[in-house]
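Engineer: Sharing a sequence plus its predicted fold:
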Amino acid sequence: MSASLVIMITGALVGASCGLVGAFLVLRRLALMGDAISHSILLGIVAVFAITGSRSPVLMIIGAGAVGILTVALVSWIEGSRLVREDAAIGLVFPFLFAIGVIIVSRFPSQVHIDVDAVLYGEIAYVPLYRLEMFGWDLGVQAFWTVGTMLAIDLLFIALLYKELKLSTFDAGFAAALGMSPVLLHYLLMAAVSTTTVVAFDAVGAILVVALLVVPAATAQLLTRRLTILLALSVAIGSGSAILGYWLARVINGSISGAIAAVLGGIFFLAFMFAPTQGLVAQMVLRRRQRRRFVQDLVVAHVRAKNGPVPALTLGSAFGWPEAATARAVSDAREENRLVLDERGQLDVPRSSPGSGAPS
C-alpha cells in the first residue's frame, strides 16, 4: 500500500472518529471543552512516559483518558461553586494542566521522548513509518489499528446510547425524569472524547484534533436539523476534508495538517454562506421576502379598512414610503390576487372571493 493511501485512510479514520463525538460536543455547546481536553491530555501522556518509561499506546490512552476526565471534573467542580462561569472555568483548568505537561516535556526531555511541536502540530506524513508488530508478525500500519479500533468503539458507544445521548443533549431534565442519568452520560461522552483525542493526537496533533472535533459538526449543523443526518454529515465532512486536505498539501507542497484545517475552514465558509435554509444568503433572501410580505400585508389591510376603492397614488403619502416601494407592494399583491386595480387607478380587494385578501 502506498504512503499516500495510508495517509489518506488514516486522516479519514481520524476525521470520522472526531466527527462522531464532536457532533455531541457542538450540540451540547461544549466545543471549548474539546479544546481543553485535547490540550490537557498532554499531561497524561508525558506523565506515563516519565513514570513508566514506556510508549505503550494502551498506557498512553489510559493516562490521557484519566487526565481528560480530571479536566471535566475540575471544570464541573469550579462551575458548580457558582463563583466562575463554565467558559471561564475551562479557561482556567486546561492551561494549568497543559502547562504542567509542557514543563515536564521541557524539564525532563530524556524521560518523555516527545516535544511540544509534535504535540501541537503532529505530522501525519510519518504515519506510514510506524508498523504494528506482535510475536514477530507485521500486522500493518499501527494507525489503522489504533484509529480504526477507536472509530469502532465510538460507533458502538453512540449506537448503544443513541437514545440516551439524544435526550440528555436536547432536554436533560426530561431525560432525568425518565430515569436516565445526564451526569453519567456527560462523563461517558467526555471519556469518549478523551480517548478519541489521544488516539488521533499522535498523527495529527492537538490543534487539528480541535478542528476535527468542532468544524465538521458545526458545518453539519448548518445543513440539517435531524440528528442522524447531522452525524452522517459530520463524519463525511471530517473524512472528506482529510482526503481533500492531503491533495491540497501535495499541490501547494505544504503542511498536510494545515491543508486539512484550511479545507475544513473552506467547507464551513461555504455552508455558512450558502446552506439551503440556514446559510447567510438564504437568511438574507428570507428576510427580504418577509419584509416584502409585511409591506404587502400593510397595503392590503389599508385598502380593506377603507371599505371601498383607494387611489393607488395616495398610498405612498399614506405610509410615507418611496414610490418604488409602494409600487412593488401593489404589484406583489395584484400578482397574488389580493388587490385589483381598475382603469381609474383605484385599488380594491377582490369582491368575488371574500376573505382572500385577508393579511396572512
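Structural biologist: Okay, I see it. Residues are numbered from 1 along each chain as shown.
Engineer: can we go C-alpha only for contacts and neighbour counts from here?
Structural biologist: Noted.
Engineer: what's the spacing between Leu161 and Gly238?
Structural biologist: Remark: distance between Leu161 and Gly238 (Cα to Cα, to the nearest Å) = 22 Å.
Engineer: Which one's more surrounded, those two?
Structural biologist: With neighbours defined as other Cα atoms under 10 Å, Leu161 and Gly238 compare such that Gly238 has more, 32 against 12.
Engineer: Please verify my assumption that the more buried one contacts Gly19.
Structural biologist: Yes. The criterion here is Cα atoms under 8 Å, and Gly238 meets it with Gly19 at 5.7 Å.
Engineer: Give me the common contacts of those two.
Structural biologist: 212, 216 (Cα atoms under 8 Å, 6 or more residues apart in numbering).
Engineer: Give the residue spans of this protein that score low on pLDDT.
Structural biologist: Within the chain, the stretches with pLDDT under 70 are 54-57, 108-123, 202, 352-360.
Engineer: longest helix anywhere in it?
Structural biologist: helix 182-223 (DSSP state H).
Engineer: chain center to that one: distance?
Structural biologist: 10 Å (Cα atoms, centre = their mean, to the nearest Å).
Engineer: next structured bit after that helix?
Structural biologist: Where DSSP states H and E defines the elements, the next helix or strand beyond helix 182-223 is helix 227-252.
Engineer: care to break this structure down by domain?
Structural biologist: As assigned by automatic domain parsing, the chain contains the domains 3-275, 281-348.
Engineer: Quickly compare those domains and say which is most buried.
Structural biologist: Among the domains of the chain, the stretch with the highest mean neighbour count (mean count of other Cα atoms under 10 Å) is domain 3-275, at a mean of 20.
Engineer: Distance from the chain centre to that one, please.
Structural biologist: 13 Å.
Engineer: What is the end-to-end distance of that domain?
Structural biologist: Using Cα to Cα, the end-to-end distance of domain 3-275 comes out at 35 Å.
Engineer: do the same with stretch 166-174
Structural biologist: End-to-end span of stretch 166-174 (Cα to Cα): 11 Å.
Engineer: With adjacent residues omitted, what lies nearest to Met190?
Structural biologist: Ile69 (6.7 Å; Cα to Cα, 6 or more residues apart in numbering).
Engineer: wait, I meant Gly11
Structural biologist: In space, Gly11 is closest to Ala242, 5.0 Å off (Cα to Cα, 6+ apart).
Engineer: Now for that neighbour: which residues touch it?
Structural biologist: 8, 11-12, 15, 260.
Engineer: Kindly confirm my reading that Glu133 forms part of a helix.
Structural biologist: No. Assessed with DSSP: H, G, I helix; E, B strand; the rest coil, Glu133 is strand; it does not lie in a helix.
Engineer: Just confirm it contacts Val141, I think it does.
Structural biologist: No. The pair Glu133 and Val141 fails to qualify as a contact (Cα under 8 Å) at a distance of 9.2 Å.
Engineer: ranges for the helices of the stretch 251-360 of the chain?
Structural biologist: 256-274, 280-305, 315-319, 323-335 (DSSP state H, counting those that start in this stretch).
Engineer: Centre of the chain to the longest one, how far?
Structural biologist: It refers to helix 280-305. Its chain's C-alpha centre and that of helix 280-305 lie 33 Å apart, by Cα atoms, centre = their mean.
Engineer: what's the distance between the residue lying closest to Leu167 once chain neighbours are set aside and Val183?
Structural biologist: Residue nearest to Leu167 in three dimensions, not counting chain neighbours: Ala175, with 5.6 Å by Cα to Cα, 6+ apart. If you measure Ala175 against Val183 using Cα to Cα, the figure is 11 Å.
Engineer: same check, this time on Arg287
Structural biologist: From Arg287 to Val183 the distance is 40 Å (Cα to Cα).
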